[in-house]
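Q: the sequence and its predicted three-dimensional model are supplied below.
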Amino acid sequence: MVNNFLNKIMVALYRIPWIKNRWAQNFNAQESDTIPWTPLVKPLSHCKIALLTTGGAHLKNDTPFDMKDKDGDPTYRRIPSSVAPKDITITHDYYDHNDADQDINLIFPIETLRDAQQKGLVGESADFFYSFMGHINKHHIKTLMEQTAKEVAHLLKKEKVDIAFLVPA
């Protein structure tokens with residue numbers, strides 16, 4: 001409970017521009033120059049699509065992300081692509097998701113994807129989409145990079161996904 005309260009204070013503080021800018025100046029993001037670029041070899045309308053978010057979205061009846069660990073939760077949640085938006089919720093104390101609580105498409109654009117599919121702009125959806133918690137620090141970074149992200153990449157490859165849209169929160 002105390003951790004949740006402190007997280008809410010931090011979210012409120014980061015709404016102040018000079019605090020947000022100061023944090024951004026000192027933030028050291030993970031960088032990688034080993035991510036391969038793969039050119040698209042078929043039309044978008046024939047590509048299998050998956051959505052991934054770092055917004056802490058999950059099914060209402062699924063296990064929430066761990067908000068007690070101050071270094072985050074490096075796990076992921078599988079979300080069926082056939083899900084109704086009303087069946088998705090957000091567990092993430094490290095950003096203000098009040099707007100996304102009202103419209104999940106802000107961090108998990110499932111209805112936007114379905115609209116593009118109906119118009120024939122993109123191909124079919126993968127059976128499952130994936131959600132992570134974007135607040136990952138310290139030892140959890142290694143777990144995310146070496147275990148859970150690789151698991152999701154394997155699942156996407158197994159399902160023959162052509163394009164994965166990563167939607168940050």
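A: The structure has been received and is ready for your questions.

Q: tell me where the chain has helices.
A: 2-13, 17-26, 98-102, 110-118, 139-143, 149-158 (DSSP state H).

Q: so for residue 56, which of the ones you listed sits nearest?
A: Among these, helix 98-102 comes nearest to residue 56, with 9.4 Å by C-beta to C-beta. In short, each C-beta sits where N, CA and C put it, glycine included.

Q: kindly reformat the helices of the chain as TSV containing mean neighbour count and mean pLDDT.
A: TSV is the format used below for those (neighbours: other C-beta atoms under 10 Å; pLDDT from 0 to 100):
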stretch	mean neighbour count	mean pLDDT
helix 2-13	12	65
helix 17-26	10	76
helix 98-102	12	92
helix 110-118	15	97
helix 139-143	14	94
helix 149-158	14	97
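
Q: could the ones you listed be laid out in a markdown table, adding distance to residue 58?
A: Below are these laid out as a markdown table (distance: least, C-beta to C-beta, whole Å):
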| stretch | distance to residue 58 |
| --- | --- |
| helix 2-13 | 17 |
| helix 17-26 | 27 |
| helix 98-102 | 13 |
| helix 110-118 | 13 |
| helix 139-143 | 17 |
| helix 149-158 | 14 |
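
Q: which one of those helices lies closest to residue 34?
A: The nearest among the helices of the chain, by C-beta to C-beta, is helix 149-158 at 13.1 Å.
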